[in-house]
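[1] A structural model of the following input is requested.
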Amino acid sequence: MTTNRSIVRDIIAVFNTKIVVLALTLISSVIIARTLGADGRGLIALALIYPQLMLSIMEGGMRQSATYYLGKKLASDNIILGILFVYIFIAGIAGAILVYLLMKYSAGVEFDISILLVSSIILPASLAVSTLRGYFLGKQQIKHFNSVVWLQKLLYVAIVIILYLTDELSVFSLIVTNAAIALFNATQAFYFISIKLPARPKYDHQTFISMFKLGVIYASGFFLIKANYQVDILLLGWLSSTAELGVYALSVQLGELLWQLPAAVMLVLMSKSANSQAGGKHIIESVCKSVRLTFLITIFSCFGLLIVCYLLIVPIYGDEFAGAFRMITFLAPGLILAPIFKTINAYYAGNGRPHTSIVIMGCAVIVNIVLNVLSIPIYGGVGAALSSSISYALAALIFTLYFANKEQVKYREILFVKRSDFAPLIKKLRNR
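    Residues are numbered from 1 along each chain as shown. As a prediction, this is how the structure comes out:
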């Protein structure tokens with residue numbers, strides 16, 4: 001019972017942080033859309049997609065590997081931190097070079113060299129933050145994990161407002177802002193690590209090799225999941241206009257509002273499963289309950305989101321973004337089903353079995369790419385939205401079948417809510 005309460009408490013803590021971040025994100029998205037229009041929004045999305053996508057490769061799965069090693073106590077804290085510091089330095093430099101070259105020669109748009117250089121800086125800073133989060137999660141320091149997230153978003157919105165009021169808001173200034181925030185976020189992460197240092201960081205080559213081998217498997221699965229979210233933006237940049245890409249980027253940003261609770265569940269489940277005995281019954285039950293409840297909540301939330309978007313997209317964002325509602329409608333089935341595979345995958349990642357997602361997500365990504373190539377030239381952003389929904393649905397179906405058979409759980413235990421799921425809430429209301 002104590003474990004379940006702890007899981008719920010940590011999920012609420014992460015979820016509350018994500019709600020604050022979301023509110024701030026929406027404020028900035030309205031200002032940016034109104035100022036730069038669909039074309040400018042598309043250019044920003046394309047300029048930022050490369051450091052975001054390459055992050056999942058250059059991270060090398062070291063965040064997840066660190067979480068697992070710390071949770072299972074396979075190495076001391078100072079050795080894990082020493083390895084992470086060395087990795088961040090090497091991978092950060094290599095990643096920055098890779099982002100620069102990819103943007104210069106394969107973006108489909110000719111970016112100014114200043115944008116190329118600034119976008120390249122984003123990767124090593126983001127890499128540092130993402131990798132060091134593995135330490136917070138491995139130590140179950142959810143509070144510190146949250147602290148690294150929300151403050152940088154508040155600062156970002158403040159800068160966007162200042163740029164808007166001084167008439168300096170542009171594609172370049174926003175990319176510079178993203179780079180500055182990434183550097184600030186990295187500094188903040190290092191600060192929290194420094195005050196929690198158990199001892200002087202120490203590098204151990206053998207442990208590094210062992211962590212990296214596991215990390216490569218994590219990275220492969222994480223990259224495929226990330227690619228499935230972002231390949232449509234890359235393909236829209238190649239096969240459609242930046243204005244169409246801008247409208248689609250907004251629809252994705254609004255659609256991802258539905259994923260805040262599942263994302264909170266995913267982070268906490270990975271942390272808890274990494275710190276539990278493999279195959280622990282209470283973790284399996286927590287996974288099933290998490291899937292059931294997030295699935296139900298996401299369904300109802302999706303209907304609410306569609307109504308709000310139908311009424312408010314044009315009044316808030318302008319006529320240029322009128323097509324976003326149609327794209328969100330085609331994204332909706334995938335947005336509802338995606339939390340299923342995200343939650344189950346977090347359980348396997350936390351238990352050191354990230355290879356599970358490689359084959360499943362590999363199939364989904366291939367389907368997504370093929371459908372995007374066929375549909376984008378004809379239907380634009382709507383085709384990309386439909387392709388994404390189909391790939392999400394495929395991943396959710398296969399993950400559910402695999403989890404049910406592997407863990408010997410009935411399908412209805414995973415997907416259909418029980419009366420007992422609401423018992424804590426009912427009890428709390430009665431006590432009032």
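[2] who touches stretch 246-257?
    The contact list for stretch 246-257, computed with Cβ atoms under 8 Å, 6 or more residues apart in numbering, reads 22, 25, 29, 33, 37-45, 229, 232-233, 236, 301, 305, 309, 313, 317, 320-321, 323-325, 327-328, 331-332, 335, 380-381, 384-385. All C-beta atoms are positioned from the backbone trio N, CA, C, and that covers glycine.
[3] ugh, wrong one, I meant stretch 221-234
    So stretch 221-234 is contacted by 45-46, 49, 52-53, 55-57, 59, 61, 64, 245, 248-249, 252, 342, 345, 349, 354-358, 361-362, 364-365, 368-369, 372, 376, 384-385, 387-388, 391-392, 395 (Cβ under 8 Å, 6+ apart).
[4] Mark which of the residues you listed are buried, thanks.
    Buried members of the contacts of stretch 221-234, counted by 16 or more other Cβ atoms under 10 Å: 45-46, 49, 52-53, 55-57, 59, 61, 64, 245, 248-249, 252, 342, 345, 349, 354, 356-358, 361-362, 364-365, 368-369, 372, 376, 384-385, 387-388, 391-392, 395.
[5] Inside helices: which ones of these?
    Cross-referencing the buried ones among the contacts of stretch 221-234 against helices under DSSP state H gives 45-46, 49, 52-53, 55-57, 64, 245, 248-249, 252, 342, 345, 349, 356-358, 361-362, 364-365, 368-369, 372, 376, 384-385, 387-388, 391-392, 395.
[6] Spatially nearest residue to residue 369 (excluding sequence neighbours)?
    With Cβ to Cβ, 6 or more residues apart in numbering as the criterion, residue 369 has its nearest non-adjacent residue at 5.8 Å, and that residue is residue 231.
[7] what about the one you found, distance to residue 53?
    Distance of residue 231 to residue 53, given as Cβ to Cβ, to the nearest Å: 8 Å.
[8] cool, and residue 322?
    For residue 322 relative to residue 53 (Cβ to Cβ), the value is 28 Å.
[9] For the stretch 51-200 of the chain, which segments count as helices?
    With DSSP state H, counting those that start in this stretch as the criterion, the stretch 51-200 of the chain has helices at 62-71, 77-106, 113-138, 142-165, 171-195.
[10] out of these, deepest packed?
    helix 62-71 (a mean of 28; mean count of other Cβ atoms under 10 Å).
[11] Which strands or helices does it pack on?
    If you count contacts as 3 or more Cβ pairs under 8 Å, 6 or more residues apart in numbering; DSSP states H and E, helix 62-71 packs onto helix 77-106, helix 113-138, helix 205-239, helix 260-274, helix 324-350.
[12] what's the angle from it to helix 113-138?
    Relative orientation of helix 62-71 versus helix 113-138 (axes from the mean of the first three to the mean of the last three Cα atoms, to 10 degrees): 20 degrees.
[13] Could I get the contacting residues of the spatially closest residue to residue 177 that is not a sequence neighbour?
    Nearest non-adjacent residue to residue 177, counting by Cβ to Cβ, 6+ apart: residue 159, 5.0 Å away. Residue 159 sits next to 177, 180-181 when contact means Cβ under 8 Å, 6+ apart.
[14] for the helices and strands packed on helix 62-71, which one sits closest to residue 420?
    helix 260-274 (18.0 Å; Cβ to Cβ).
[15] Which of the helices of the stretch 51-200 of the chain comes out lowest on mean pLDDT?
    Looking at the helices of the stretch 51-200 of the chain, the lowest mean pLDDT belongs to helix 142-165 (a mean of 75).
[16] how about the CA coordinates for stretch 178-187, as PDB?
    Output of stretch 178-187 as PDB, limited to C-alpha atoms (Å, rounded to 0.1, in the frame of the first residue of the first chain):
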ATOM      1  CA  ASN A 178      16.200  28.200 -27.200                       C
ATOM      2  CA  ALA A 179      20.000  27.800 -27.100                       C
ATOM      3  CA  ALA A 180      20.300  30.200 -24.100                       C
ATOM      4  CA  ILE A 181      17.600  28.300 -22.200                       C
ATOM      5  CA  ALA A 182      19.300  25.000 -22.900                       C
ATOM      6  CA  LEU A 183      22.500  26.300 -21.500                       C
ATOM      7  CA  PHE A 184      20.700  27.700 -18.400                       C
ATOM      8  CA  ASN A 185      19.000  24.300 -18.000                       C
ATOM      9  CA  ALA A 186      22.300  22.500 -18.100                       C
ATOM     10  CA  THR A 187      23.800  24.900 -15.600                       C
END
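[17] roughly how far apart are the residue nearest to residue 177 and residue 216?
    36 Å.
[18] likewise residue 203?
    Distance from residue 203 to residue 216, by Cβ to Cβ: 19 Å.
[19] Residue 185 too?
    25 Å.
[20] Tell me both backbone torsions, phi and psi, for residue 168.
    phi -110, psi 10 (degrees, to the nearest 10).
[21] which residues does it contact?
    No contacts exist for residue 168 under Cβ under 8 Å, 6+ apart.
[22] same deal with residue 94?
    So residue 94 contacts residue 58 (Cβ under 8 Å, 6+ apart).
[23] Can you tell me how far it is from residue 103?
    15 Å.
[24] and what of residue 96?
    11 Å.
[25] again with residue 200
    38 Å.
[26] how about residue 292, secondary structure?
    The three-state label given to residue 292 by DSSP: H, G, I helix; E, B strand; the rest coil is helix.
[27] what's near enough to touch it?
    413-418, 421 are the contacts of residue 292 under Cβ under 8 Å, 6+ apart.
[28] Which of the residues you listed sits closest to residue 209?
    Nearest to residue 209 among the contacts of residue 292, with distances taken as Cβ to Cβ, is residue 414, at 36.8 Å.
[29] Quick check, the closest one in contact with residue 403.
    Yes: counting by Cβ atoms under 8 Å, residue 414 touches residue 403, with 6.7 Å between them.
[30] end-to-end on stretch 166-176?
    End-to-end distance for stretch 166-176: 16 Å, by Cα to Cα, to the nearest Å.
[31] same deal with stretch 53-62?
    Start-to-end span of stretch 53-62 (Cα to Cα) is 16 Å.
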